[in-house]
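A.B. asks: Build me a structure from this.
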Amino acid sequence: MDIIAKVIRIDLDLYILNVEGTDKIIAAKLRGNIKKKENVLVGDMVRVEQAGEDYMINSVLERNNSLIRPPVSNIDQMIIVVSVGAPVPDYILLDKQIVLCMSKNITPIICVNKIDLAQDDETAKNDIEYIKNVYGKLGIKIVYTSAKQKQGLEELKELLVGKTSAFSGNSGVGKSSITQEILDNAEELLEIGDIGKKSKRGKHTTKSVNLYTLENNTYILDTPGFSSYELYDIEHKDLRKYYIEFEDIHCTYDDCMHVIEKEDVCAIKTKVQDGTIDKGRYERYVYIYEKLKEKYDRKYK
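C.D. replies: Alright, predicted model coming up:
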């Protein structure tokens with residue numbers, strides 16, 4: 001009988017799997033026919049056949065999504081960690097991450113960390129208010145945390161239950177502190193030669209893509225350099241599709257990019273002027289658009 005399992009780690013030609021609906025961890029190899037046609041990723045759901053004590057992956061089930069960098073699949077939600085205070089929020093990176101989510105059918109969740117700094121910092125207070133007013137109005141879930149004070153972490157944990165979640169955020173925002181708290185009770189595989197032995201996260205150094213398994217079919221993606229990506233597979237002409245606030249607003253021309261067009265034909269620019277669309281978000285859209293167009297022009301001209 002075939003087994004359905006989730007790939008949680010890949011070590012050379014050995015695939016570490018969590019059997020669906022259980023806490024059982026097994027190691028499997030690929031059948032020859034898959035090696036030629038499938039690039040198996042961490043996060044994949046696979047069909048496995050057992051032959052004695054050996055396990056072989058027969059097929060990869062259809063993916064909900066996949067990323068090139070990092071090479072993972074089937075991510076349900078991305079926890080985008082930003083901090084107030086030090087460092088201040090990188091709104092361009094935040095917007096890029098939301099665009100990535102929208103393009104890959106991943107639910108974005110914004111985690112505003114270091115909220116304890118807002119007590120004595122007016123800039124931090126303003127950033128919290130800005131994120132609430134701009135991104136909250138887009139329907140994006142926002143959770144407020146202080147990893148240092150252990151505030152808001154229980155609410156964040158509740159959002160993770162039953163999902164495969166990736167954490168992203170630039171250096172210094174507290175992403176590692178938050179994930180450390182969440183993974184305190186998570187077990188991980190350290191030595192693939194001994195599947196039965198597991199230990200706490202503290203001994204691990206992140207060198208490859210891993211999915212950590214928690215209770216209730218909950219997975220946390222841990223991978224190096226996740227926030228260093230660019231929008232590698234989105235073209236400038238498609239960027240507008242991934243801005244929630246642009247939906248249901250119709251310009252005079254269907255191919256309006258909302259960049260060089262005049263206000264009398266671009267309804268988006270009109271909405272920016274009357275405050276319906278946040279000016280900062282729009283200006284960052286233009287910046288990202290121009291960078292993507294430069295990249296496109298270098299490639300095709």
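A.B. asks: Can you show me the helices along this protein?
C.D. replies: For the chain, applying DSSP state H gives helices covering 32-37, 91-104, 122-134, 153-160, 175-182, 267-273, 279-300.
A.B. asks: For residue 73, find the nearest of those helices.
C.D. replies: Closest approach to residue 73 among these is made by helix 91-104 (9.9 Å; Cβ to Cβ). From N, CA and C alone the C-beta is placed, and that goes for glycine too.
A.B. asks: CA atoms only: put that closest one into PDB for me.
C.D. replies: The C-alpha coordinates for helix 91-104 follow below in PDB (Å, rounded to 0.1, in the frame of the first residue of the first chain):
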ATOM      1  CA  TYR A  91       8.700  48.900   3.200                       C
ATOM      2  CA  ILE A  92      10.100  48.100  -0.300                       C
ATOM      3  CA  LEU A  93      11.100  44.700   0.900                       C
ATOM      4  CA  LEU A  94       7.700  44.300   2.600                       C
ATOM      5  CA  ASP A  95       5.900  45.200  -0.600                       C
ATOM      6  CA  LYS A  96       8.100  42.800  -2.600                       C
ATOM      7  CA  GLN A  97       7.300  40.000  -0.200                       C
ATOM      8  CA  ILE A  98       3.600  40.700  -0.500                       C
ATOM      9  CA  VAL A  99       3.800  40.700  -4.300                       C
ATOM     10  CA  LEU A 100       5.600  37.300  -4.100                       C
ATOM     11  CA  CYS A 101       2.800  35.900  -1.900                       C
ATOM     12  CA  MET A 102       0.100  37.200  -4.200                       C
ATOM     13  CA  SER A 103       1.800  35.700  -7.300                       C
ATOM     14  CA  LYS A 104       2.300  32.300  -5.600                       C
END
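A.B. asks: And it, what's buried?
C.D. replies: 91, 93-104 (16 or more other Cβ atoms under 10 Å).
A.B. asks: which one of those sits closest to residue 124?
C.D. replies: Nearest to residue 124 among the buried residues of helix 91-104: residue 91, at 14.4 Å, using Cβ to Cβ.
A.B. asks: so what's the residue lying closest to the closest one once chain neighbours are set aside up against?
C.D. replies: Nearest residue to residue 91 in three dimensions, chain neighbours excluded: residue 284, at 6.1 Å (Cβ to Cβ, 6 or more residues apart in numbering). Applying Cβ atoms under 8 Å, 6 or more residues apart in numbering, we find residue 284 in contact with 91, 92, 95.
A.B. asks: Out of the helices of the chain, which gets nearest to residue 54?
C.D. replies: If you check each of those against residue 54 by Cβ to Cβ, helix 32-37 wins as the nearest, at 14.1 Å.
A.B. asks: average pLDDT across that closest one?
C.D. replies: What helix 32-37 shows for mean pLDDT is 70.
A.B. asks: do stretch 148-165 as well
C.D. replies: 94.
A.B. asks: Not counting its own residues, what contacts it?
C.D. replies: Stretch 148-165 has contacts (Cβ under 8 Å, 6+ apart) with 43, 74-79, 109, 111, 114-116, 141, 143-147, 174, 177-178, 181-182, 211, 214, 216-221.
A.B. asks: residues in contact with residue 56?
C.D. replies: Residues in contact with residue 56, defined by Cβ under 8 Å, 6+ apart, are 28, 29, 30, 31, 48, 49.
A.B. asks: Looking at the contacts of residue 284, which one is closest to residue 267?
C.D. replies: Nearest to residue 267 among the contacts of residue 284, with distances taken as Cβ to Cβ, is residue 95, at 20.3 Å.
A.B. asks: So which of the helices of the chain is nearest residue 246?
C.D. replies: Closest to residue 246 of the helices of the chain is helix 267-273 (Cβ to Cβ; 6.0 Å).
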